[in-house]
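Novice: fold the following and give me the result.
(one chain, ligands or ions: 1)
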Amino acid sequence: MTETRSTCPYCGVGCGVIIESQGDQITGVRGDPEHPANFGRLCTKGSTLALSASAAVTRQTRLLQPMRREHRQEAARPVSWDSALDFASESFAQIIREHGPDAVGFYLSGQLLTEDYYVFNKLAKGLIATNNVDTNSRLCMSSAVAGYKQTLGADAPPTCYDDVKHAQCLFIVGSNTAYAHPILFRRIEDAKAANPALKIIFCDPRRTDTAEIADLYLPIQPGTDVALFNGMLHIMLWEGWTDPAYIAAHTTGFEALKATVRDYTPDMVAQTCGIKKEDLLQAARLFATSAATLSLYCQGLNQSSSGTAKNAALINLHLATAQIGKPGAGPFSLTGQPNAMGGREVGGMANLLSAHRDLANPQHRAEVAALWGLPSVPSTPGKTAVDMFQAAADGEIKALWIACTNPAQSMPDQATVRRALERAELVIVQEAFATTASCDYADLLLPATTWGEKIGTVTNSERRISRVRPAVPAPGATRHDWAIAVDFAQRLERRLPARGAGPLFPYSLTDEALGVETIWNEHRESTRGRDLDITGMSYAMLEDAPQQWPLHEGQNTGKVRLYEDGIFPTADGKARFVNTVYKPVAEPRESRYPFSLTTGRLRDQWHGMSRTGTLGRLFGHVAEPSLQMNAQDMARRQLLEGDLVHVTSKRGSIVVPVQASPELALSQAFMAMHWGGEYLSGQSSSGEALAGVNALTTSAYCPSSKQPELKHAAVKILKA
Ligand code: SF4
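Specialist: Take a look at the predicted model:
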């Protein structure tokens, strides 16, 4: 038996795993006792990884051969890699020649490895000269990114997992940590057991399992987080619980915010948020007066039409009370996907460039052009996720390349997304699994390697970079995501006018270990002098242990915690208060759509279930889709447990069994995000067939982060 150290491919906790294999078969997996993210622990998803990589599952679910569909109505037929990539590069070149570079778009994934991401970004922004590169991280972390940048000056979570044990107050908000980040939740349980004085505040419209550990639960109305945070600051100011010395020495902009929060009186906030005044007061007191307060937050803040304001308003609290830059304190965004952080590091989004550079900054564009040996990188802003699919639906984007994600299930407002995939002249889907809904729309399917086969790196929520290593050879004709992108790019480079002096993609495709390390080294060099400088971090160093960034040349270890010196990566070194104002959800409840529908994760499933849905045992926790709602709401509508209901928003309708849940307040409903067409059919408001809860969700997004409001849609619920 061979043992290979790698990383779990699911959530952003980034647990280390040891893969056991024999020949070309993965035979087992266990937690890596030496990995600092998990010290040997794994949750149900991580501990069943070997089963989901078995030969039987691979045979049934994997895409193992390039496939091409000559006409949309026909079945896809196997083709060679040469034929597939020549077709892809010639088709892209023709569309670019006829319609310009912005007629193509790449939609990537927070599950790609950093090296995969780096090559795709260079392919689009360097070779093709379009910024139309976005990813499903736009649905996940972009509000956290914008919140950090607006306040602290850089997209850098300043804290670490170890801070959980140093905290005296944990403020968990908009995160069902017990389900979505289970191994981190084990740390919280350990911290509470070791320190009974630790106070935990949990804030979420749903009383999820995470509430069980809380000393104080704040069941706020959906989308009212900014009102809550501003109200807490109002009380902190009134009671003298802020830290004027820290504010004066290390921040700017407090006076304007102070004037704004004057209006957020306890009465107003208690009424807006639907909570008790005394609970609001207690939350403000615990947060401000504890020796160290750590906030943990996730999609409840991010997936919102006010996502950036929610993030900034929470960070305002940390700055006002000096709860940052010391052990156990600070704002800690929990990354949804395994490598949403790595994608941001290489600039793999429509508004970013390599190493946390900004597309809108001419100096940053010039630096990236120089790194790539190009005269320029384009300045036209790229289309972010929602806008990219809208542009394809409008006929503006002609070719879509989708890698390692399933927008035909996971994007909001599925009717528009399906129209986009049907209207695009060319849809290329690069995937490990043949079973995703997006595969049905592909003109060309490119088979990719997946967990247990891939090579590269990922970054977890605490800025820690870990190696991902192959335990078994790539099955069938599958190839690594970066290698597919490089092979395509090299072919496209020959078909487009030269932009640089030399070849842009000099990475070995025959020696994959060398090829991927060359990409890493190029990415590493691009970070020199940036906030995430990793010039001291080599593959050899990562062989020994995962490392946190920044880690400068000559250093042996990364930075555990940021801003301990009170200096922030802004022009004047000071953090900035953002003058946050509460705005209601984009689509408030009203008489025709009287329920707030929210979506979220189950404990044992992942995204669209392409991997977890292959294992019967992972359905033991929740076996089938349901709409959860309050028992009183059900009684009023004469609904019984298991009755089928039509759940309808302005965009579509689905039919699903209803279930009473004590987690839901009156007028609220919940559905898990995972169930696709196999389980949950529906239709758009104009009668097209759709599937899954995203038939209902809205693509209304935050104006700063462009992250859509997947956490709230107004719906009606009627007996079927
Ligand atoms: Fe994997 Fe996340 Fe579970 Fe860790 S907590 S084993 S990273 S799914």
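Novice: since we're on the residue in the chain that the ligand sits nearest to, how many residues are nearby?
Specialist: Residue nearest to the ligand within the chain: residue 46 (2.5 Å; CB to the nearest ligand atom). C-betas here are computed from N, CA, C, even on glycine. Residue 46: 23 surrounding residues under other CB atoms under 10 Å.
Novice: verify the contact between it and residue 17 for me.
Specialist: Yes - if you go by CB atoms under 8 Å, residue 46 and residue 17 touch, sitting 6.6 Å apart.
Novice: touching both of these two, which residues are there?
Specialist: When CB atoms under 8 Å, 6 or more residues apart in numbering defines a contact, the residues bordering residue 46 and residue 17 alike are 8, 29, 31.
Novice: which ones are touching residue 115?
Specialist: Contacts of residue 115 by CB under 8 Å, 6+ apart are 456, 457, 482, 516, 519, 520, 523.
Novice: and for residue 239?
Specialist: Going by CB under 8 Å, 6+ apart, residue 239 touches 284, 285, 288.
Novice: closest to the centroid, which residue in this structure?
Specialist: residue 140 (3.1 Å; CA atoms, centre = their mean).
Novice: skipping adjacent residues, who's closest to it in space?
Specialist: residue 336 (4.1 Å; CB to CB, 6 or more residues apart in numbering).
Novice: by contact count, what packs against the strand ranked longest in the chain?
Specialist: Secondary structure of the chain per DSSP state E: the longest strand is strand 652-660. Contacts defined by 3 or more CB pairs under 8 Å, 6 or more residues apart in numbering; DSSP states H and E place strand 652-660 against strand 627-629, helix 631-636, strand 644-648, strand 681-684, strand 689-691.
Novice: deepest of these, which one?
Specialist: strand 627-629 (a mean of 25; mean count of other CB atoms under 10 Å).
Novice: can you list contacts of that strand?
Specialist: Strand 627-629 is contacted from outside by 595, 645, 647, 656-661, 663-664, 668-671, 717, using CB under 8 Å, 6+ apart.
Novice: mind listing the strands it pairs with, and their directions?
Specialist: strand 652-660 (parallel), strand 668-672 (antiparallel) (DSSP bridges).
Novice: tell me which parts of the stretch 151-300 of the chain are close to the ligand?
Specialist: For the stretch 151-300 of the chain, the residues in contact with the ligand (CB under 6 Å from any ligand atom) are 181, 182, 183.
Novice: out of those, who's nearest residue 57?
Specialist: residue 182 (22.4 Å; CB to CB).
Novice: residues in contact with the nearest residue to that closest one once chain neighbours are set aside?
Specialist: Using CB to CB, 6+ apart and skipping residues adjacent in sequence, the residue nearest residue 182 is residue 43, 3.7 Å away. By CB under 8 Å, 6+ apart, the contact set of residue 43 is 15, 182, 183, 603.
Novice: which parts of stretch 78-86 are buried?
Specialist: Across stretch 78-86, burial judged by 16 or more other CB atoms under 10 Å covers 79, 84, 85.
Novice: mind checking which of these are in helices?
Specialist: Secondary structure defined by DSSP state H assigns 84, 85 of the buried residues of stretch 78-86 to helices.
Novice: near the ligand, which residues of this structure are found?
Specialist: Counting by CB under 6 Å from any ligand atom, the chain sits next to the ligand at 8, 10-11, 13-15, 38, 42-43, 45-46, 181-183.
Novice: need those in TSV (columns: pLDDT and secondary structure).
Specialist: Output for the residues of the chain next to the ligand, formatted as TSV (pLDDT from 0 to 100; DSSP: H, G, I helix; E, B strand; the rest coil):
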residue	pLDDT	secondary structure
8	98	coil
10	97	coil
11	96	coil
13	98	coil
14	98	coil
15	98	coil
38	98	coil
42	98	coil
43	98	coil
45	97	helix
46	97	helix
181	98	coil
182	98	helix
183	98	helix
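Novice: tell me the one of these nearest residue 577?
Specialist: Closest approach between these and residue 577, by CB to CB: residue 181, at 28.5 Å.
Novice: the closest one is in contact with residue 334, isn't it?
Specialist: Yes - Residue 181 lies in contact with residue 334 (CB under 8 Å); the separation is 5.4 Å.
Novice: pull out the buried residues from stretch 380-392.
Specialist: Judged by neighbour count (16+ other CB under 10 Å), stretch 380-392 contains these buried residues: 382, 383, 384, 385, 386, 387, 388, 389, 390, 391, 392.
Novice: go through these and name the one nearest residue 622.
Specialist: Ranked by distance to residue 622 (CB to CB), the buried residues of stretch 380-392 are led by residue 385 at 27.5 Å.
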